[in-house]
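Novice: give the three-dimensional model of this entry:
(2 chains)
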Amino acid sequence: MSFTRKARARAMQGGGTYEEIAPAIDSCLLCGACETACPEGIELAELNIHQRQELNRQRTTYPRWYPADSNGMIDSGRRPDEQTLLLAGGLLGSKQALCLSLLEQLGTAGKTALARDDGQDIAKIMEAGLPLSPERVERFVSSLRSARTLIVAEGLLHRPLRAWLPGTKILGPGEALLSDASLRLLLRPEDLYIIEGRGYHTDHRRLAGFYHRLRHETGCYTNLDLQRTAFSTGAASLQGRNNIAAAGCIENAKRILKGKKAGRVVVEDLADSEAFRLATDLPVIHIAQLRRGKLSYED
Amino acid sequence: MIETNVIKDKAAQANGLWNRVGDQTNPSRWNGEKWRSFVDHLNSRGVIVHEALPDVSVFVSDAGGLALGMPHGIVRPFSADEIAEVLKAAQIYAVPVTTRGGGLTTEGESVAFGGLLLDMSSMNRVLAVDPVNLTVRTEAGIYWHQLAETLRQDGLDYLSAPLNLTSSVGGTLGVGGIDINSPRLGCSADQCLALKVVTPTGEIIECSTTENSALMERVLLGYGQFGVIVEATLKIRLFTPIIMKYFYYSSLRTAMEDLKYIAHEDAADYSGILTIMDRAINLLVAFDSDEREKEFNLRWRRHLRGYGEASFGLRMAGYYLLHPWKFREAAYLIGRRLTLFPEFWKPEYMHKGKIVDRTVVFSRAVWKFWGGRKMVIPDLAASEEKFIEAVERGNQVCRKYFRHYTLYCVGIKLFNSRERYEMSCIPPDAGDIAFGCEFEPMLRDTDYSRDYLQSFKNEIYDIGVDMGLSYYRFGGMMKGYIRKAFGDDLVDKHLALKQQADPAMILNRDVIF
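Specialist: Numbering: from 1, shown residues only, chains lettered A, B, ... in the order given. As a prediction, the model looks like this:
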């Protein structure tokens, strides 16, 4: 079975069924690079999720990495009135010190807060192509309406949040932090800077320019290829979270490292840390640790 | 026991041509005789044949989108040994084998009309980079873009390759491969220093210009008839960003004369013509270094008759003010200018006014503006002397069939009179340089009938027969032109070579023979 996006399309055109190409659909890590690489601008990321939705309608057993349906289980909590909210997501949210450090660096006069509802369950349900409860989405969105800027660690939420909250600025933690020139100065030419792919690919035209400038300003390596798509480890995917080795994330990290004379790896997405730790002996830090390099991963 | 010549060679027979305008030359589907025995044989030798519908339907067509056919099964080889097993068995059971890299053909050459398809994209590793001697050894299923990605890690680049992200090294070497630096560097096949080839009878042979050179000369530009290219050693170079310049013409003839002048004088590192319409022709030149650009400005620039963008824009504005009834034409021109040109200046691919990744910039633009569900790209390859007349005649045919189309013209430097050029896209009467022109209608979403498109192609190819030219795409559905273009003696010579190398005529059947 060929697992490329084009092969899946061709297989379907040729009369294949979703169940017949299930291994290819399930293997997709939804990094979104195919959409950026497509010169005709086809919205492939959404089509990938659509294929997963169609497959779910036909099958009765799901892969083990599928999430439990937690629609409606999250307490959105109070409505924050801060202008900037950080949606930390599962992994970053669980690292209290790192989260606080990130908030501190992002915060301007205490106007940045941690969102209590970061929509992580919604992202998982979407990624799995399972039905999403409109009520759950509404509660999630309501909790964010007062904010002008959302800093969203989960890249998969960038596109839907732009649709749900038009006018609200949606940024990834990397872009949000690196907008501060003093932080960019801390990136060194021997750093390998790992851009979080899912969010990057949803706003590629703008962010390609942002990271292009970053590369030339700092001289650092990145995980961008010649087409300026971000080569992802896939560690943030459901498959990667379930089994980072089986999902190929460590191999992907090795491939990103190949040919680069890097001395340190700096990641935007904490999920990538694990893949790189397993792939290399180089020090791996999160972008929030750039200024306070002594923070450990366990923080 | 190997049965010889079990496939009748329709196109190779003198009366095997389809002369009526509009005729298709699609091969008929192979009937599947002995397929099961063939598969059992391969399975017993550890070769996996994928036969499920989702596996085979991936290869239902090629980039052209007009040839439709399905293999009975596919093999994704990971070694030359595996390919050798496939070809040995194919000879025994007379099963046709079609090789495919990126599937970037437009005449169905990489479409299997039954039989086995070898999906070479599984062999895509770069094996060794030699930055001192500037060579790379790579598996042949790799796409040029992937190769560029790997070479860039060492500050290196390939020499020349087709402007497309998914054409493979093996497929390109098999047909030639043209880039906008071909006026200086020749076709991609001429970068090749050595090959590992599996012959149609399953022998694995290393060849180069000094070792098994006859095979090397047959396989390069051999349209897949004499072996499967498994590995290739290629010349490479240091990576350089390029400086791009555009000149605009309202006369196709003047633009072509200037293109010939640039190629003749070796005035630029890259050159080519892209037409937007008959009244708006773009001659692009590019340079690998500031020194080359400076030399161009000093020595050759003043001889070119093209305009800069601003002065050409003013001239065109004046023209359309005097011809207001041609406002649709003006609107098309402006629209094309506004959408196409920014693709070449995307900031993320530029640095200090230079294009950093020409392979990406050009390939994406080519696909975005000239790609589509169907692509019809007949071409003519001519000697320097015949080039202008050939293009002008082809342009008239385009005008007759389509409102909008693009001509892409480029020079191809030739290196001596190598055997490999015989019965290839290189015209037999070309001297030091040949010129090629592709005629590409802008089909977009218009559903032209296959007959209409075929008639268009036939008229272009008839120019080639009339003028004694050659073609890049004479294989596959257009193989009916082979005898017309090359003559019986040459075709019979190659047919005899093919029958000797491939007794059961199984490898890439219906591409040429």
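Novice: from here on, contacts and neighbour counts on C-alpha atoms
Specialist: Fine.
Novice: show me where pLDDT drops low in the stretch 101-250 of chain A?
Specialist: Residue ranges of the stretch 101-250 of chain A with pLDDT under 70: A:108-110.
Novice: surely A:L185 touches A:C220?
Specialist: No: the pair A:L185 / A:C220 is not scored as a contact, 10.8 Å apart, by Cα atoms under 8 Å.
Novice: who has more neighbours out of the two?
Specialist: Each of A:L185 and A:C220 has its neighbours counted (other Cα atoms under 10 Å in any protein chain shown); A:C220 has more, 16 against 13.
Novice: can you tell me how far that one is from chain B?
Specialist: To chain B, A:C220 is 13 Å away according to Cα to the nearest Cα, to the nearest Å.
Novice: can you check A:G90 too?
Specialist: 32 Å.
Novice: so that residue, which of the three states?
Specialist: Under DSSP: H, G, I helix; E, B strand; the rest coil, A:G90 falls in the helix class.
Novice: around it, how many other residues sit close by?
Specialist: By other Cα under 10 Å, the residues close to A:G90 number 16.
Novice: can you give me the buried ones in the helix or strand in which B:L117 is found?
Specialist: For B:L117, the element it lies in under DSSP states H and E is strand B:116-119. Buried residues in strand B:116-119, counted by 16 or more other Cα atoms under 10 Å in any protein chain shown: B:116-119.
Novice: same question, stretch B:351-365
Specialist: For stretch B:351-365, by 16+ other Cα under 10 Å, it's B:354-365.
Novice: roughly how far does the spatially closest residue to B:V511 that is not a sequence neighbour sit from B:Y223?
Specialist: The shortest distance from B:V511 to any non-neighbouring residue, by Cα to Cα, 6 or more residues apart in numbering or on different chains, is to B:G476 (4.2 Å). Plainly put, B:G476 is 10 Å away from B:Y223 if you go by Cα to Cα, to the nearest Å.
Novice: assign a three-state SS to residue 285, would you?
Specialist: Using chain A here. strand.
Novice: not quite, go with chain B.
Specialist: Under three-state DSSP, the three-state class of B:V285 is strand.
Novice: quick check: it touching B:Y248?
Specialist: No: checked against Cα under 8 Å, the pair B:V285 and B:Y248 is beyond contact range at 11.4 Å.
Novice: buried sites along stretch A:194-212?
Specialist: For stretch A:194-212, by 16+ other Cα under 10 Å, it's A:194-202, A:204, A:207-209, A:211-212.
Novice: wondering if stretch B:339-352 reaches chain A at all.
Specialist: Yes: part of stretch B:339-352 sits near chain A under the criterion Cα under 8 Å from any Cα of the partner chain, namely B:347-348.
Novice: what residues of that stretch count as buried?
Specialist: Buried positions in stretch B:339-352, judged by neighbour count with 16+ other Cα under 10 Å: B:340, B:343-344, B:347-350.
Novice: same deal with stretch B:148-162?
Specialist: Buried-residue list, stretch B:148-162, by 16+ other Cα under 10 Å: B:148-152, B:156-162.
Novice: now stretch A:22-30
Specialist: A:22, A:24-26, A:28-30.
Novice: so which of those residues sit within strands?
Specialist: Among the buried residues of stretch A:22-30, none falls in strands (DSSP state E).
Novice: turn those residues into CSV, columns for pLDDT and distance to chain B.
Specialist: CSV is the format used below for the buried residues of stretch A:22-30 (pLDDT from 0 to 100; distance: Cα to the nearest Cα, whole Å):
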residue, pLDDT, distance to chain B
A:A22, 92, 10
A:A24, 90, 10
A:I25, 93, 12
A:D26, 92, 15
A:C28, 92, 16
A:L29, 92, 20
A:L30, 93, 21
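Novice: so which of those residues sit within helices?
Specialist: Here DSSP state H is the test, and these give A:22, A:24-26 as lying in helices.
Novice: contact partners of the longest helix anywhere in chain B?
Specialist: The longest helix of chain B (DSSP H) is helix B:450-467. For helix B:450-467, contacts defined as Cα atoms under 8 Å, 6 or more residues apart in numbering or on different chains pick out B:21-24, B:66, B:376-381, B:386, B:390, B:393-394, B:397-398, B:401, B:470-471, B:481, B:484-485.
Novice: tell me the helix or strand right after whatever helix or strand B:E149 lives in.
Specialist: Using DSSP H and E, B:E149 sits in helix B:144-152. Helices and strands here follow DSSP H and E; after helix B:144-152, the next one along the chain is strand B:156-158.
Novice: distance between that following strand and the chain's centre?
Specialist: Mean C-alpha position of strand B:156-158 versus that of the full chain (Cα atoms, centre = their mean, to the nearest Å) differs by 20 Å.
Novice: where does pLDDT dip in chain B?
Specialist: B:1-26.
Novice: the residue nearest the centre of it: what's it in contact with?
Specialist: Of all residues in chain B, the one closest to the mean position by Cα atoms, centre = their mean is B:G177, 5.1 Å from it. B:G177 makes contact with B:160-162, B:187-189, according to Cα under 8 Å, 6+ apart.
Novice: give me the phi and psi angles of the closest residue to B:E85 other than its chain neighbours.
Specialist: Take B:E85 and drop its neighbours on the chain: the residue closest to it by Cα to Cα, 6+ apart is B:G202, 6.6 Å away. Taking degrees, to the nearest 10, you get phi 90, psi 10 for the backbone angles of B:G202.
Novice: the one 4 residues further on now?
Specialist: The phi and psi values for B:E206, taken as degrees, to the nearest 10, are phi -90, psi 130.
Novice: distance of the closest residue to it other than its chain neighbours relative to A:F140?
Specialist: Ranked by Cα to Cα, 6+ apart and with sequence neighbours excluded, the top spatial neighbour of B:E206 is B:K196, at 4.5 Å. Distance, B:K196 to A:F140, using Cα to Cα: 59 Å.
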